[in-house]
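Colleague: Next input, structure requested:
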Amino acid sequence: MSSGNDVVQFTLMLTAGPETDPRDLAERAIQLREELQRGPTEYIDVVHGVVPPPSGTKVVDPITFGAFMLGVSVAALPKVIELIQHWLLRQQEQTLRARIGEVELEIPRDASKVEIARLIDAIRTLKRQDDS
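Modeller: This is a model prediction of the structure:
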């Protein structure tokens, strides 16, 4: 396990279009959580309580909504983003957003390596700002 200073903590929020069955979304959230638990994460917890969804999305309870608090070492960040992207490619209309502090970023389904590198740089920058 990494030292606390090397861990990026963020909330992942799984959302889908208004036609998505809430039970299907809940199953997908469980699948994602299980995949993340097998990956190089420091910790993953289900977020309990109210996590406001992005506008225009179906609102269901937080576990069905798929909100997770995730801790990832800075070194493992590229691998975790890759794992998330591969998971997204196997889905239909789900979107995954990461909230770090007050900043929310979408993890793109079909991003290029350059776009993923930019996303990782943005997360690292947010981590440095959070540490200072």
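
Colleague: residues of the helix or strand hosting residue 125 that come out buried?
Modeller: According to DSSP states H and E, residue 125 maps onto helix 113-131. Within helix 113-131, the residues that qualify as buried are 116, 119-120, 123, 126-127, counting by 16 or more other CB atoms under 10 Å. Any C-beta I mention is one placed from the backbone N, CA and C, and that applies to glycine too.

Colleague: ok, which stretches of the chain are helices?
Modeller: Secondary structure of the chain (DSSP state H): helices at 22-38, 62-65, 77-89, 113-131.

Colleague: Quick one: closest of those helices to residue 6.
Modeller: Of all the helices of the chain, helix 113-131 sits nearest to residue 6, with 9.1 Å by CB to CB.

Colleague: follow-up on the earlier one: export the helices of the chain as TSV, with columns for distance to residue 103 and mean pLDDT.
Modeller: Output for the helices of the chain, formatted as TSV (distance: least, CB to CB, whole Å; pLDDT from 0 to 100):
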stretch	distance to residue 103	mean pLDDT
helix 22-38	20	86
helix 62-65	19	42
helix 77-89	15	87
helix 113-131	6	83
